[in-house]
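> output the structure for:
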Amino acid sequence: MSILVLKFALLAAAIIVAGSYLAKFADVIGERTPLGHTLAGLVLLAMATSLPELAVDCSAAAMGVPDLAVGDLLGSSLLNLIILAALDLAFYTKGRMLSRMAAAHSLSAVMSLILTTIALLFLQLKIDWGLRIGPGTVTILITYALLLRLVYFDQRFAAQQESPATRKHAIQRNTDGDISLRRAVIGYVIATAVIFLVGPLLARTADELARTTGLGQTFVGTTLVALCTSLPEMVTTMSALRMGNVNMAVGNIFGSNSFNMTILFGVDVFYDKPLLANVSSTHAITAAGVILVTLVATAGLLYRAEKRYWLLEPDAALVLLLALGALGLVYYYG
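Down below sits the predicted model:
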């Protein structure tokens, strides 16, 4: 047991180091390319930090444990929202994520809502059309591509509204002049590779530790494995906040939640039956929890008052309570 705990700690440390550098390199790439900070978080960081989910869950499907895979993806989305709220409370002196400062991310939040709602719908319908890949995951993949295009054009429009002086000031303030675009791209690829390789090992180690507890696959996938595969999101979001890059931090969370839903298609490919038609209905509770908590977070993005009561911001505290309540329901009914 002690060896497993030590292995878990070392792998987690590797994720933390790689995630810190990943946020830094993505910040440079976003600033020096047409992507911008929002899309850098929504695409570059989200895809890179979601690689552990992709590797772990496709392997789980191939081994015939689809509930672990689906539970991990939906649980990771829920834990990402907990990370967003917790960091909002922790970084109260450096800006507030759930405020008008990040209101532009309401579109990416809605994107996450739409994709999770589609997953919830097909989890309940249990449609099996006789093919290996189910209609639900295909619908999610197509919808993701269309919505990502919408976010891209919205970001381009917002960039056009900025004055040249504003853009120049942002570059001077946020970009590390010692890092070239080429070096940032190479560093991004290396950090991504570390997360891709270490993430699955971390999740497998967590699964070995969890077996001794006797908990079911649905709950373990939704909590412990999801916590491990969400570690890159937590580290990169924290790093982005420390750099003062709120856009990238919030974009990373909602982008990861959207990308988690598209990973369902990859998992479906590795499973020998339509995925969403052959997993536990308990996952619908997690999906509904993700939708509810995302709605609260979106309200926090759109609400214009930036007032705190003592050290608490009401919307962030509510996100935490609802997300923890959803995890409690998964445990109770799972």
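
> show me where the stretch 51-200 of the chain has its helices.
Secondary structure of the stretch 51-200 of the chain by DSSP state H, counting those that start in this stretch: the helices cover 51-62, 66-90, 106-125, 135-161, 164-174, 181-211.

> quick check, central residue of this structure?
Residue closest to the average C-alpha location in the chain (C-alpha atoms, centre = their mean): residue 256, at 2.8 Å.

> how distant is the helix or strand where it lies from the center of its chain?
With secondary structure defined by DSSP states H and E, residue 256 is part of helix 246-270. Distance, stretch centre to chain centre, for helix 246-270: 5 Å (C-alpha atoms, centre = their mean, to the nearest Å).

> continuing past it, what's the next helix or strand?
That would be, after helix 246-270 and using DSSP H and E, helix 283-302.

> helices or strands up against that next one?
Counting contacts by 3 or more C-beta pairs under 8 Å, 6 or more residues apart in numbering; DSSP states H and E, helix 283-302 packs against helix 66-90, helix 106-125, helix 246-270, helix 314-333. The way it works is simple: take the backbone N, C-alpha and C, and place the C-beta from them, glycine included.

> can you list the buried residues in it?
Neighbour counts using 16 or more other C-beta atoms under 10 Å place 283-294, 296-298, 300-301 of helix 283-302 among the buried residues.

> what residues are up against residue 295?
residue 113 (C-beta atoms under 8 Å, 6 or more residues apart in numbering).

> returning to that earlier point: just the helices of the stretch 51-200 of the chain: most buried one?
For these, the largest average neighbour count (mean count of other C-beta atoms under 10 Å) is found in helix 66-90, namely a mean of 27.

> got the angle for that one vs helix 246-270?
With axes from the mean of the first three to the mean of the last three C-alpha atoms, to 10 degrees defining the directions, helix 66-90 sits at 180 degrees from helix 246-270.

> state the mean pLDDT of helix 66-90.
Mean per-residue pLDDT for helix 66-90: 85.

> next: stretch 208-225.
The predicted model assigns stretch 208-225 a mean pLDDT of 60.

> mind showing which ranges of the stretch 1-150 of the chain have poor pLDDT?
1, 34-42, 91-104 (pLDDT under 70).

> switch to 90 and redo it
The stretch 1-150 of the chain contains residues with pLDDT under 90 at 1-69, 71-72, 75-76, 78-109, 128-132, 148-150.

> and for the stretch 201-334 of the chain?
Along the stretch 201-334 of the chain, segments meeting pLDDT under 90 span 201-256, 259, 272, 280-282, 296-321, 323-334.

> now residue 281: phi and psi?
Residue 281 adopts backbone torsions of phi -70, psi -10, taken as degrees, to the nearest 10.

> ok so, going back, flag every buried residue along the helix holding residue 256.
Within helix 246-270, judged by 16+ other C-beta under 10 Å, the buried ones are 246-268, 270.
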